[in-house]
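Colleague: how does the following fold in three dimensions:
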Amino acid sequence: MLRLFATPCAKHTTESESQHSPLRKHKKTYFDKYVKGSPFAGGQFVWLYWPRPPVRQKKKKLTQLWTGPWKIKQFKSPIVVEIQHTHTHKYQTVHVDRLTPCTSQSPDTPAPVITQQTPTNKNDTTALTTTPLSSPTLRRSSRHRNPPTYLSSYA
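Modeller: Reported below is the predicted structural model:
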């Protein structure tokens with residue numbers, strides 16, 4: 001019984017493969033035309049896509065998707081890379097699709113300090129002093145708001 005069923009199935013499979021063969025070849029040539037090699041090199045700093053599950057966070061929007069910076073140590077294949085974290089020195093073997101180049105010049109340098117130049121005297125603009133800007137402080141609105149009239153008996 002099984003042998004009677006297997007013969008028509010095999011015939012149908014070979015017919016379908018022969019019909020879809022030109023389409024398959026066309027799709028492969030189109031895909032291969034736009035495939036690019038790995039844009040990474042050994043010793044380059046990269047960010048690793050590693051979405052952590054929200055353990056204590058209620059909002060998924062606040063999760064950190066990228067970790068790093070990591071340094072590429074070696075290529076195990078054209079698409080598999082061994083990387084090392086710059087701070088913890090842990091190794092990880094990942095696919096190149098999970099990496100993006102780190103654009104900062106050196107990952108260990110702190111963010112640049114924004115400075116503000118102010119004249120020492122109000123009349124003399126040639127002598128300027130440079131002071132680092134502090135982070136902007138949040139200011140409450142100075143507008144006084146009255147509570148709604150329907151809550152006046154409540155308060």
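
Colleague: tell me where the protein has helices.
Modeller: 2-34 (DSSP state H).

Colleague: given the longest strand seen in the chain, what are its sheet partners and their directions?
Modeller: Ranked by residue count and defined by DSSP state E, the top strand of the chain is strand 66-75. Each strand paired with strand 66-75, and its direction, by DSSP bridges: strand 45-49 (antiparallel), strand 80-85 (antiparallel).

Colleague: which residues touch the shortest one?
Modeller: Right, the one you point to is strand 45-49. 40, 65-72, 83, 86, 92, 94, 98-102, 104, 107 (CB atoms under 8 Å, 6 or more residues apart in numbering). In short, each C-beta sits where N, CA and C put it, glycine included.

Colleague: filter these to the buried ones?
Modeller: 40, 68, 69, 70, 71, 72, 83, 94, 99, 102 (16 or more other CB atoms under 10 Å).

Colleague: is the fourth one bridged to anything, and to what?
Modeller: Okay, so that is residue 70. Assigned bridge partners for residue 70, using DSSP bridges, are residue 46, residue 85.

Colleague: can I assume it is in contact with residue 85?
Modeller: Yes: at 5.5 Å, residue 70 counts as touching residue 85 under the criterion of CB atoms under 8 Å.

Colleague: shared neighbours of those two, which are they?
Modeller: residue 92.

Colleague: quick check: residue 43 vs residue 147, distance?
Modeller: The gap separating residue 43 from residue 147 is 63 Å, by CB to CB, to the nearest Å.

Colleague: try residue 62
Modeller: Distance from residue 62 to residue 147, by CB to CB: 33 Å.

Colleague: so where is this protein shaky, pLDDT-wise?
Modeller: For the chain, the stretches with pLDDT under 70 are 1-19, 54, 57, 105-140, 155.

Colleague: again, 90 this time
Modeller: Where the chain drops to pLDDT under 90, the residues are 1-40, 50-65, 68, 77-79, 97, 102-155.

Colleague: tell me how many other residues crowd the closest residue to residue 101 other than its chain neighbours.
Modeller: Distance criterion CB to CB, 6 or more residues apart in numbering; nearest residue to residue 101, sequence neighbours excluded, is residue 46 at 5.9 Å. Using other CB atoms under 10 Å, residue 46 has 23 neighbouring residues.
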